[in-house]
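**Student:** Predicted structure and sequence below. I'll ask about it afterward.
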Amino acid sequence: MSTLTFEALGKSYGDTEVVRDISLTIREGEFVSLLGPSGCGKTTILRMVAGLVEPSRGRILIGSDDVTRLPPNRRGLGLVFQSYALFPHLSVTENVAFGLRRRKVAGAELDRRVREALAMVRLATFADRMPRQLSGGQQQRVAIARAIAPRPRVLLFDEPLSNLDAQLREEMQIELKRLQRDVGITTLFVTHDQGEALTMSDRVGVMARGVMQQFAPPEDIYHRPATAFVAGFIGRPNRLAGRVVRRDGAGGRVRIGDRVELAAAAIDLPDGAAASVIIRQEAIRLAAVGATASPSDAPDRVPGVPGTVLLRSFSGARVQYVVRVAEGVELVAETGSQGAAADLAPGTAVSLNIPPEAVFAMPPEEPAP
């Protein structure tokens, strides 16, 4: 088990910077996810760690060892690909044994380590099956067993759950977190799915345009976003152009359009400044005008914002509403699919409760270079 450190790590292709001076340390046994949209640089970082892409600048250290220029087979890594990359003509046992044989492990030691790896991923009874006889989730676990059998110093995951259906993906998130905790290997996980990153990680690095926007525990990423990009990328955001009305301590008030004024818990802009106002859909509470809301849905300190339901969309556990709150200003609000607010028809007059903690007034994002 080792730390994984990036020192001013960067990668350029010609004049295009795809990774810009990333410096951080992943602690021993820590599960860290790199999260961001396609093209943000997260996969390039993983490939630099794996030795598949050469950095343009900076260093990569595993423990105290500088591995920046070492070939992949000398870095002590386990890598799980998006495609699993199982050998179709080899049994589960032989797939797991493949990397061990290349490391000259043989005999009883080979058998023991294969059995241990399969037991860790709960596939001991599938040892003699071929990959085609396995489900997608089982194939994924074989790939993980093959990666951990050589006892790597660092484990790398390249969007390993993206090919699974939604239900299996959620099950595998729990399995991966349990396995990583049990094995204790320092893990770097690359994903574009915020649910995966927040669910499994000890810390999350959110990236955009090659820059690390924030590196922090999931709770901080969600509740205390450091940039407008993070606030708008995490959760289900309403993103609106606004202006700071006034500062009041750490927070204050912002205006959207001509009529809608909201309290925000944190504002790092001067009075009168243009702001990117981000409001989490899932934090908005709404009730039909005249309905009695529970105290948790309508705290006395937050006045309601009047609006009219335009659209209703049912998705099982949740219901989404598009609500017009002013001319040219619409908000999407999300609520549970049971309760008084779950069946509001278009045209219903509603009151929206928007707590200050759900409103982020950030500097407007700079356009992509």
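**Tutor:** Good, I have the coordinates.
**Student:** In the protein, where is pLDDT below threshold?
**Tutor:** 291-303, 366-369 (pLDDT under 70).
**Student:** Just the residues contacting the longest helix seen in it, thanks.
**Tutor:** Of all segments of type helix in the chain, defined using DSSP state H, the longest is helix 166-183. Residues outside helix 166-183 that contact it (C-beta atoms under 8 Å, 6 or more residues apart in numbering): 31, 120-122, 135-137, 140-141, 144, 148, 155, 157, 160-161, 164, 187, 193, 195-196, 199-200. Where you see a C-beta, it was placed from the backbone N, CA and C, and this is true even at glycine.
**Student:** run the last query once more with 6 Å
**Tutor:** With contacts defined as C-beta atoms under 6 Å, 6 or more residues apart in numbering, helix 166-183 is touched by Phe31, Gly137, Ile148, Leu161, Thr187, Glu196, Thr199, Met200.
**Student:** Is the fifth one within a helix or a strand, and which one?
**Tutor:** Element membership of Thr187, judged by DSSP states H and E, is strand 186-191.
**Student:** Packing partners of the next helix or strand after that strand?
**Tutor:** Where DSSP H and E defines the elements, the next helix or strand beyond strand 186-191 is helix 194-200. Contacts defined by 3 or more C-beta pairs under 6 Å, 6 or more residues apart in numbering; DSSP states H and E place helix 194-200 against helix 166-183.
**Student:** list the buried ones in the helix it packs on?
**Tutor:** Leu168, Arg169, Met172, Gln173, Glu175, Leu176, Lys177, Leu179, Gln180, Val183 (16 or more other C-beta atoms under 10 Å).
**Student:** what do you get for stretch 310-320?
**Tutor:** Val319, Gln320.
**Student:** What of stretch 111-129?
**Tutor:** Result for stretch 111-129 [16+ other C-beta under 10 Å]: buried residues Arg113, Val114, Ala117, Leu118, Met120, Val121, Leu123, Phe126.
**Student:** So which residues of the stretch 51-200 of the chain form helices?
**Tutor:** Using DSSP state H, counting those that start in this stretch, the helices assigned to the stretch 51-200 of the chain run over residues 92-102, 107-120, 136-148, 166-183, 194-200.
**Student:** Figure out which of those helices is closest to Ile284.
**Tutor:** When the helices of the stretch 51-200 of the chain are compared by C-beta to C-beta, helix 194-200 sits nearest Ile284, at 18.7 Å.
**Student:** Send me that closest one as PDB with only the CA atoms.
**Tutor:** Only the C-alpha atoms of helix 194-200 are listed here, as PDB (Å, rounded to 0.1, in the frame of the first residue of the first chain):
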ATOM      1  CA  GLN A 194     -21.200  12.000 -10.100                       C
ATOM      2  CA  GLY A 195     -23.300   9.400  -8.300                       C
ATOM      3  CA  GLU A 196     -20.400   6.900  -8.600                       C
ATOM      4  CA  ALA A 197     -17.800   9.400  -7.400                       C
ATOM      5  CA  LEU A 198     -19.800  10.700  -4.400                       C
ATOM      6  CA  THR A 199     -21.000   7.200  -3.300                       C
ATOM      7  CA  MET A 200     -17.600   5.500  -3.300                       C
END
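**Student:** That helix: which residues count as buried?
**Tutor:** Gln194, Glu196, Ala197, Leu198, Met200.
**Student:** How about residues contacting it?
**Tutor:** Applying C-beta under 6 Å, 6+ apart, the set of residues contacting helix 194-200 is Ser33, Leu35, Gln173, Lys177, Thr191, Val204, Pro218, Ile234.
**Student:** Can you name the element that comes right after that helix?
**Tutor:** With DSSP H and E, the next secondary element past helix 194-200 is strand 203-208.
**Student:** quick revisit: just how off-centre is the longest helix of the chain within its chain?
**Tutor:** Put simply, helix 166-183 sits 15 Å off its chain's centre (C-alpha atoms, centre = their mean, to the nearest Å).
**Student:** the inter-axis angle of it versus strand 186-191?
**Tutor:** 170 degrees (axes from the mean of the first three to the mean of the last three C-alpha atoms, to 10 degrees).
**Student:** Next, the angle from helix 166-183 to helix 136-148.
**Tutor:** 20 degrees.
**Student:** how about helix 166-183 as PDB, C-alpha atoms only?
**Tutor:** The C-alpha trace of helix 166-183 is given here as PDB (Å, rounded to 0.1, in the frame of the first residue of the first chain):
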ATOM      1  CA  ALA A 166     -28.400   1.200 -14.000                       C
ATOM      2  CA  GLN A 167     -29.400  -1.300 -11.300                       C
ATOM      3  CA  LEU A 168     -26.200  -3.400 -11.700                       C
ATOM      4  CA  ARG A 169     -24.100  -0.300 -11.700                       C
ATOM      5  CA  GLU A 170     -25.500   0.700  -8.300                       C
ATOM      6  CA  GLU A 171     -24.900  -2.800  -7.000                       C
ATOM      7  CA  MET A 172     -21.300  -2.700  -8.200                       C
ATOM      8  CA  GLN A 173     -20.600   0.600  -6.600                       C
ATOM      9  CA  ILE A 174     -21.300  -1.000  -3.200                       C
ATOM     10  CA  GLU A 175     -19.200  -4.100  -4.100                       C
ATOM     11  CA  LEU A 176     -16.300  -2.000  -5.300                       C
ATOM     12  CA  LYS A 177     -16.300   0.200  -2.100                       C
ATOM     13  CA  ARG A 178     -16.500  -2.900   0.100                       C
ATOM     14  CA  LEU A 179     -13.700  -4.600  -1.800                       C
ATOM     15  CA  GLN A 180     -11.400  -1.600  -1.700                       C
ATOM     16  CA  ARG A 181     -12.000  -1.200   2.000                       C
ATOM     17  CA  ASP A 182     -11.300  -4.900   2.600                       C
ATOM     18  CA  VAL A 183      -8.100  -5.000   0.400                       C
END
